[in-house]
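[1] fold the following.
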Amino acid sequence: MADWEMVELHRNSGNWGKVVEEIVRIEKRVFPKHESLAKSFEEELKKKNNGLLYSKMGGEVAGYVMYSWASSLYASITKLAVKENYRRQGHGKALLKAAIEKCKTRNIHRISLHVDPSRIAAMNLYKKLGFQVDSLVESYYSSDRNAYRMYLDFDTD
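    Alright, predicted model coming up:
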């Protein structure tokens, strides 16, 4: 991943609009319409206790991770996506690791996420970084699509 950088998006960033626009384009391509936050992405980002990191390569957004923390003990990875032409280059892993580190700075004890069991590459990435399957959530995405709830626990000592 030569010539790339990890950036945290802040509401007062001068490039907020441009970055959100690029992320919404990725969101529309990667997620089915009923799972996409494309129409409400900006509102989601403005919510309290939400964070977004994105990887930038050659001046464009290559991928992003959105996370939230409902309490001081628990956080969720709500979105992780990488543009098709930047996949298998380490962006997803770098984004997820960075989000985990951000959560650790808040003394979070557990991070959870949901993943479609058929997304083998995503499952393998999460497992590689220490996430474990907690349970199967039936009809999570739609009536015929389930999800695994996965979690990562860590000591904050």
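
[2] so for residue 90, what's the pLDDT?
    For residue 90, the pLDDT comes out at 90.

[3] what's the spacing between it and residue 78?
    Separation of residue 90 from residue 78 (CB to CB, to the nearest Å): 21 Å. Just so you know, the C-beta spots here come from the backbone N, C-alpha and C atoms, and that holds for glycine as well.

[4] neighbour-wise, which of those two wins?
    The residue with more neighbours, out of residue 90 and residue 78, is residue 78; 18 against 15, by other CB atoms under 10 Å.

[5] what helix or strand is the closest residue in space to the more buried one that isn't next to it in sequence located in?
    Closest residue to residue 78 apart from its sequence neighbours, by CB to CB, 6 or more residues apart in numbering: residue 66 at 4.8 Å. In the assignment (DSSP states H and E), residue 66 maps to strand 60-69.

[6] mind listing what's buried along the next helix or strand along the chain from that strand?
    Sequence order places strand 74-82 as the next helix or strand after strand 60-69, per DSSP H and E. Under the neighbour-count criterion of 16 or more other CB atoms under 10 Å, strand 74-82 has 75-82 buried.

[7] now distance to residue 33 and pLDDT too, for the residues you listed, in TSV please.
    Compiled in TSV, those are given as follows (distance: CB to CB, whole Å; pLDDT from 0 to 100):
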residue	distance to residue 33	pLDDT
75	27	94
76	22	94
77	21	95
78	17	91
79	15	91
80	18	94
81	15	92
82	19	93
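
[8] in the lowest-mean-pLDDT helix or strand in the chain, what counts as buried?
    Lowest by mean pLDDT, DSSP states H and E among the helices and strands of the chain is helix 41-46, with a mean of 74. Across helix 41-46, burial judged by 16+ other CB under 10 Å covers 41, 45.

[9] how far out from the middle of the chain is it?
    14 Å (CA atoms, centre = their mean, to the nearest Å).

[10] give me the residues contacting it.
    9, 11, 20, 23-24, 27, 37, 50, 52, 66, 78 (CB atoms under 8 Å, 6 or more residues apart in numbering).
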